[in-house]
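Undergrad: heads up, no residue letters with this:
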């Protein structure tokens, strides 16, 4: 996963206190609506003095803006369609994550009636709404059908006026598994995945997890604006300083479409080292074309539990191997577990590769996902990674050959996302113009053995 040096917040906030202006205004207009000015908390006095800049707020808000309709980043067939709404210039929000209708949820408490702590939306909660919007916004039947077939990418950006009931939700993702930890009821249902993979709207590293706070909305009314509507957007959605230079992210970048294809990596359970590429999307009938040594370990609750017998045993074995091979530095118990899996996998590869069907070691391939089928098999190409002499984006001296061990070694659990630095325009040009140079095999892999990496290719849904 990408670690960025900037952050586009969902809520606009006071730079000193980091408190969101929307909550300021909401409290002023509700809990403190009958409080004399002199008795208001100081932060609310500022809002009260500038009511022309901070309009009154109820539990619903209405904006004109642009709605991005795109599939979630989950590697499965039945999954969310993400509705991310970018309102035109306003004091409260940069963007909001919307649902077309209400769903089971639990609100924090009376002190914060806008915070959701448990939620359980169905994966298809937005499907009918999206069908309606795509039809009314001018997408033809062929492209509407294609959007619902491909399971990746952006349908379109639609100018709209939307009124929604707004809430706040704080999301946390386990740094090892990328599973959602909070809200806890969402973890086993349908997680919100865009903060893990979106190019610009990423969660941030927060100790042992990735975290983000979202403005979440339930749509109450909507109106599609004419396509030539001139919306009041500034040039840039955010700016930040880096090494004394002011940098920006423009709305033009935010409104760039996502490809209907993706790059992915592979994963297996503990003591299971291989993902099979088959000639047909069927576990029993499919013939194995190639055997791929997995990039990552699926970490179960038992394996992650520091007090479990399995965790302690494998971490101890990994620690002994770490010392035996005189690896530099040290790691934690989770790192020792990954080291044990990596060492056993490598030993198995070296001992058995002559007996296997077209075996590929983990640093010799990536997966190009063309589509996901209803039975959760993915149609894929197995492709070569970047050439050893590929320079990292933005660098003149950091080559892929120097990064391979860090990316594909035992720390791949955390470092695989770094390969995105080496997916250069040159690599993509080779893929599009001379695919035979990087294509190794094509076939099918079950999605249980795949992890999303990044959008890839130039296949887009067109209006």
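TA: Thanks, I have the structure now. A quick note: this is a predicted structure, and the numbers were derived from the prediction, not measured. Numbers count the residues shown, from 1 in each chain.

Undergrad: How about residues contacting stretch 429-449?
TA: Here stretch 429-449 makes contact (C-beta atoms under 8 Å, 6 or more residues apart in numbering) with 75-77, 266-268, 275-281, 283, 286, 289-290, 294, 358, 360, 365, 367-368, 372-373, 376-384, 427, 456-458. Every C-beta, even on glycine, is put in place using the N, C-alpha and C of the backbone.

Undergrad: Quick one: buried ones out of the residues you listed?
TA: For those, a burial check counting by 16 or more other C-beta atoms under 10 Å picks out 75, 77, 266-268, 275-278, 281, 286, 289-290, 294, 360, 365, 367-368, 372, 377-384, 427, 456-457.

Undergrad: Tell me which of those fall in helices.
TA: Of those, the ones assigned to helices by DSSP state H are residue 427.

Undergrad: Show me the buried ones among the contacts of stretch 429-449 that map onto strands.
TA: In this view, the buried ones among the contacts of stretch 429-449 that belong to strands under DSSP state E are 266-268, 275-278, 289-290, 360, 367-368, 372, 377-383.

Undergrad: ok, what's across the strand from residue 65?
TA: Taking DSSP bridges as the rule, residue 65 bridges to residue 87, residue 160.

Undergrad: any idea how far it lies from residue 211?
TA: 25 Å (C-beta to C-beta, to the nearest Å).

Undergrad: more crowded one of the two?
TA: Neighbour count, other C-beta atoms under 10 Å: between residue 65 and residue 211, residue 65 has more, with 22 against 16.

Undergrad: I figured the more buried one hits residue 85, correct?
TA: Yes: contact status for residue 65 versus residue 85: in contact at 5.7 Å, counting by C-beta atoms under 8 Å.

Undergrad: between the two, what contacts are shared?
TA: Here residue 65 and residue 85 share the contacting residues 160, 162, scored by C-beta under 8 Å, 6+ apart.

Undergrad: Bridge partners for residue 168, pull those for me.
TA: Judged by DSSP bridges, the bridge partners of residue 168 are residue 115, residue 215.

Undergrad: What residues sit buried inside the helix or strand containing residue 148?
TA: Residue 148 is part of helix 141-150 when elements are defined by DSSP states H and E. Going by neighbour count (16+ other C-beta under 10 Å), the buried part of helix 141-150 is 144, 146-147, 150.

Undergrad: got the residue ranges for the helices in the stretch 151-300 of the chain?
TA: Residue ranges of the helices in the stretch 151-300 of the chain, as given by DSSP state H, counting those that start in this stretch, are 184-187, 194-197, 251-254.

Undergrad: and the last one, what does it pack onto?
TA: Think helix 251-254. Applying 3 or more C-beta pairs under 8 Å, 6 or more residues apart in numbering; DSSP states H and E, we find helix 251-254 packed against strand 236-242.

Undergrad: Show me the shaky parts of this protein.
TA: Across the chain, the ranges flagged by pLDDT under 70 are 1-6, 16-18, 110-111, 180-182, 184-189, 205-208, 462-463.
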